[in-house]
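K.L.:
Sequence and computational prediction follow.
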Amino acid sequence: MTTPVLNVQGISKHFGGLQALSEVGMTIQAGQVYGLIGPNGAGKTTFFNVITGLYSPDSGSFELAGKPYQPKAVHEVAKAGIARTFQNIRLFAEMTALENVMVGRHVRTGSGLLGAIFRSKAFRAEEAAIEQRAQELLAYVGIGELSDYKARTLSYGDQRRLEIARALATDPQLIALDEPAAGMNATEKVQLRELIDRIRHDGRTILLIEHDVKLVMGLCDAVTVLDYGKQIAQGTPAQVQADPKVIEAYLGTGEH
Amino acid sequence: MANTSATPLIRYALWAVLLLLLPLGLQTIGNGWVRIADMALLYVMLALGLNIVVGYAGLLDLGFVAFFAVGAYMFGLLASPHLTDTFPLMAAMFPAGLHTPLWAVIPLGAGLAGLFGVLLGAPTLKLRGDYLAIVTLGFGEIIRVFMNNLDNPVNITNGPKGLGQIDAMTVMGHPLSRKLDLGFIELPGVTQYYYLFLLVVLVSALICYRLERSRIGRAWMAIREDEIAAKAMGLNTRDLKLMAFGMGAAFGGVAGVLFSSFQGFVSPESFSLMESVMIVAMVVLGGLGHLPGVILGAVLLSALPEVLRYVASPLQELTGGRLDAAILRQLLIALAMILIMLWRPRGLWPAPEHGKAMPADKRSA
């Protein structure tokens, strides 16, 4: 068996008296699109914040690509290999689309102040490589012709794409998308689905946190369902969909 | 095609000729005017430094004058009789007096001020916006108060009396304070300083320009735009902010070194809160984060008070001498600032929309 990209077990986290997560675990294999769903307040975002280093869990173990992984600071997460997008898009608004993606390359490049001031050969070579890669990624997500536009002037769907391109620029082992379909219309959702599919086909691993059950069921290879901080179901989309506990969590028991 | 590449060259050449001839023209009217130009260049340097911190990294620093003071006092101590007069040990070590040369003192000033920038920046890393402004304002004042009081029990800074008899800059054995006779023209000290300052300002502007278009510069701007997203992209915001503080402060330190040799005298009075506020005003009114704007802002705001001298006196006579000329000048400066803010809220010369805005027809819902 191959080493999973992300293997987390027994994650618990509480805020005061509220148990936001109890004993949540998942194993994401390379090349999978892994879905994490659940009703509002189920703990999806808390889980997300735990694996991206924003919160430290009370208990639990992490492994990233077979190596133990314990993020101490938020900025170490991208270096370790997890890139994320935000539910409410967070781009560098006054910078161009190209510059946004170029910032994503920061963590995989190394030139410093002196290189920049003296324009050393290594600096210029690296700078050219950063720009080329950023341009490729913009084309990859389908907004190659928008590279000179400021991020804030792009349409909503294009901003989402730009965020994904920026995350891809960090060469992640796992790319975590936090509700990418939020606020999208039907056409944009279809396009987003195509993009995620393409990213998976190119060998990337994706963690998809989503509200839109239809999108998750159509895309994911495996799904975990959370409710009140507990893992209520895990398996293929078909298995999960048939699970009575999941139906109950989403639709209620009908005994009011 | 040849036309497009030649036009900027001609423009640069025109600028170069203008900047080189400017003091020669001014010195025929009076050396006081060259002096104003010299001070304007120093302010350009300060504004360029502050622009790294405020314009690129988005950290509002209201105590920037502290680094100017650090540079100025460093040179004051290393090139005046104060230390050898006060400490017999120093006198024994340097029997000919302390005279640190230019080539050593500029990097030293940059380094020391940069170090102070990092030290003062470190405790403020978690602060943003208004809170950061208040704390940096306090730091600026602390440095000034230190300069004012470090004459007791051991006299280091000579307190409010300041340091005098500071060496003039010496270039190739020639002190810039002495007249230089080129045969066809005679250059007074202020004009020679002008050329030195111009050179340093050009180097500073080049460094800023290159930083702006680099991996580090982009990272600074990313922090300015969205710190949370910047962290998630793997940017070590702590180190990058300290780098911005240090880099900006280094510019301030070099300006301070030049200032103290130019004046030959430094005292805590030159480093008041008002100076910090003026430098921030130069950066903001000129065009935050945009080099030509920042330079324009610095030149205008440093020259404006001097020019207003000539306007204020007639106005004062109009009021029958009841209004003080200094107060009138301040009123006019305030008026000018308010007008700029009303008419050009993004600064006199803001960054062009270097990214184009989306044409309306391409913008989908």
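P.N.:
Cool, got the structure.

K.L.:
tell me the helices in the chain, going along the chain?
P.N.:
In the absence of a named chain, this looks at chain A. A:44-51, A:74-80, A:97-104, A:113-118, A:121-141, A:156-168, A:186-201, A:213-219, A:237-242, A:244-251 (DSSP state H).

K.L.:
ah, I was thinking of chain B
P.N.:
For chain B, the helices defined by DSSP H cover B:2-29, B:31-50, B:65-78, B:82-86, B:88-93, B:102-121, B:129-149, B:189-212, B:215-225, B:227-232, B:237-263, B:273-287, B:291-318, B:325-343.

K.L.:
Any regions of the stretch 51-200 of chain B where pLDDT drops low?
P.N.:
By pLDDT under 70, the stretch 51-200 of chain B has no low-scoring segment.

K.L.:
Kindly state which of the helices of chain B is positioned closest to A:Asp171.
P.N.:
When those are compared by C-beta to C-beta, helix B:227-232 sits nearest A:Asp171, at 14.7 Å. For the C-beta atoms, the positions are set from N, CA and C on the backbone; glycine is no exception.

K.L.:
Tell me the spacing between the residue of the stretch 151-300 of chain B found nearest chain A and A:Pro71.
P.N.:
Here the stretch 151-300 of chain B gets closest to chain A at one residue, B:Gly234, 3.0 Å apart by C-beta to the nearest C-beta. B:Gly234 is 11 Å from A:Pro71, where distance means C-beta to C-beta, to the nearest Å.

K.L.:
Show me which of those two is the more surrounded one.
P.N.:
Taking neighbours as other C-beta atoms under 10 Å in any protein chain shown, B:Gly234 and A:Pro71 compare with B:Gly234 leading, 25 against 20.

K.L.:
Beta-bridge partners for the residue positioned nearest the centre of chain A, please?
P.N.:
Per C-alpha atoms, centre = their mean, the C-alpha nearest to the average position across chain A is that of A:Ala176, at 1.3 Å. Under DSSP bridges, the beta-bridge partners of A:Ala176 are A:Arg84, A:Leu207.

K.L.:
just checking, it touches A:Arg204?
P.N.:
No: counting by C-beta atoms under 8 Å, A:Ala176 does not reach A:Arg204; the two are 11.3 Å apart.

K.L.:
Contacts for the lowest-mean-pLDDT helix or strand in chain A next, please.
P.N.:
Lowest by mean pLDDT, DSSP states H and E among the helices and strands of chain A is helix A:244-251, with a mean of 82. Outside helix A:244-251, the residues within contact range by C-beta atoms under 8 Å, 6 or more residues apart in numbering or on different chains are A:38-39, A:42, A:213, A:225, A:227, A:232-233, A:240.

K.L.:
which of these are buried?
P.N.:
Among these, those buried by neighbour count (16 or more other C-beta atoms under 10 Å in any protein chain shown) are A:38, A:42, A:213, A:225, A:227, A:232-233, A:240.

K.L.:
okay, who's weakest in these by pLDDT?
P.N.:
pLDDT is lowest at A:Val213 among those; the value there is 80.

K.L.:
correct me, but that one touches A:Ile37?
P.N.:
Yes: with contact defined as C-beta under 8 Å, A:Val213 reaches A:Ile37; the gap is 6.3 Å.

K.L.:
Give the residues shared as contacts by those two.
P.N.:
Joint contacts of A:Val213 and A:Ile37 (C-beta under 8 Å, 6+ apart) do not exist.

K.L.:
where does the stretch 101-250 of chain A have low pLDDT?
P.N.:
For the stretch 101-250 of chain A, counting by pLDDT under 70, not a single residue falls below.

K.L.:
Would you mind naming what in it lies close to chain B?
P.N.:
A:102-107, A:109, A:111-113, A:115-117, A:119, A:123, A:126-127, A:130, A:146, A:148-151, A:153-157, A:166-167, A:170, A:185 (C-beta under 8 Å from any C-beta of the partner chain).

K.L.:
What is the neighbour count of A:Gln234?
P.N.:
Around A:Gln234 there are 17 other residues, counting by other C-beta under 10 Å.
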